[in-house]
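A.B. asks: 3D, please:
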Amino acid sequence: MMPRFRSENADSTVLVVTQNPSSFGVGALISNTTGNDNTALGSLADVGSGSLTNATAIGGKAYVTQNNSMVLGSINGINYATASTKVGIGTTAPSNVFTIGQGAGHAIADGWDTYSSRRWKTNIHTLHAALAKVEQLRGVSYELRDSGKHEIGVIAEEVGKVVPEVVSYEKNGADAQGVDYGRLTALLIEATTAVCADRTPHTASEDNPSHSQGWRTKWLRGSHGEGGGDGGSAVVARKGRGHVA
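C.D. replies: Down below sits the predicted model:
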């Protein structure tokens, strides 16, 4: 392993070079001893072990503790940091831990999971009056003002009056910002369960386990064939909304 050396300039920015690992910033990568291919950019950016491999910490007081990993920004309470960094793409002022600027483009991935284990939850209750809440929501089509792109979705302000738990707001607490569409699934599950329980005249039995399922399928498709009649369209009556998309 090559010996470490430091190059310090007038404003105390320090460059540290070893065998493959490299850093830039005051005290950056100071904990690296025998590690390889590690990088630290920013004041006090560092690794959690002296023997990591291909670990990268970017930003002041950023701290990485695992091989083949990259950490962007500081984490409050870790490595002397007193604040957590917000990461932005297409925006100069990210409002969340990770923010893609509005109109910056469409992201794509193979999947995105949400932490949801029972281990991290308490005071768990089944949602009540779900169908009544769904009846107060509406799906709309619209064009984006900036690009004119045609989309479908919901209106955050309208959803916030019914299911405030899934709506995010600006710092002023008044202007709606976005809707967590994924969490609306919980409401739709309970609403659908309520509809099926109310409409199913018989319970499936061991002798005829498909009886209930077959009746539900017929009802969902509509009495006049799939997509016809008022069957499936009657799931949500849209009572009392008084407006049309």
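A.B. asks: how far is the top helix by length along the chain from where the chain is centred?
C.D. replies: The helix that spans the most residues within the chain, counting by DSSP state H, is helix 181-199. The chain centre lies 21 Å from the centre of helix 181-199; the measure is Cα atoms, centre = their mean, to the nearest Å.
A.B. asks: angles on the backbone of residue 89, please.
C.D. replies: With angles defined as degrees, to the nearest 10, residue 89 sits at phi -130, psi 120.
A.B. asks: for beta bridges, what are the partners of it?
C.D. replies: residue 100 (DSSP bridges).
A.B. asks: wait, what's in contact with it?
C.D. replies: By Cβ atoms under 8 Å, 6 or more residues apart in numbering, the contact set of residue 89 is 99, 100, 101, 104. No exception for glycine: its C-beta is placed from N, CA and C like everyone else's.
A.B. asks: please parse the chain into its domains.
C.D. replies: The record's domain parsing of the chain by automatic domain parsing lists 9-72, 130-234.
A.B. asks: give me whichever of the ones you listed is most buried.
C.D. replies: domain 9-72 (a mean of 19; mean count of other Cβ atoms under 10 Å).
A.B. asks: tell me the mean pLDDT for it?
C.D. replies: The average pLDDT within domain 9-72 is 85.
A.B. asks: from the chain's centroid, how far away is it?
C.D. replies: 29 Å.
A.B. asks: re earlier: distance to residue 82 added to the domains of the chain, as CSV?
C.D. replies: Shown next, in CSV, are the domains of the chain (distance: least, Cβ to Cβ, whole Å):
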stretch, distance to residue 82
domain 9-72, 9
domain 130-234, 20
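A.B. asks: among those domains, which is nearest residue 83?
C.D. replies: With Cβ to Cβ as the criterion, residue 83 lies closest to domain 9-72 of the domains of the chain, at 9.1 Å.
A.B. asks: what's the longest helix of the chain in contact with?
C.D. replies: Taking Cβ under 8 Å, 6+ apart as the rule, helix 181-199 contacts 114, 126-128, 130-131, 133-134, 153-154, 159, 163, 165-166, 216, 219, 235.
A.B. asks: does residue 151 touch residue 142 like I think?
C.D. replies: Yes - applying Cβ atoms under 8 Å as the test, residue 151 and residue 142 come out as touching, 6.1 Å apart.
A.B. asks: output the below-cut-off pLDDT ranges for the protein.
C.D. replies: Residue ranges of the chain with pLDDT under 70: 1-20, 200-245.
A.B. asks: at 80 instead, please
C.D. replies: 1-21, 198-245 (pLDDT under 80).
A.B. asks: next, count neighbours for residue 103.
C.D. replies: 12 (other Cβ atoms under 10 Å).
A.B. asks: of the contacts of residue 89, just the buried ones, PyMOL syntax please.
C.D. replies: Selection of buried members from those for PyMOL, criterion 16 or more other Cβ atoms under 10 Å:
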select buried, resi 99+100
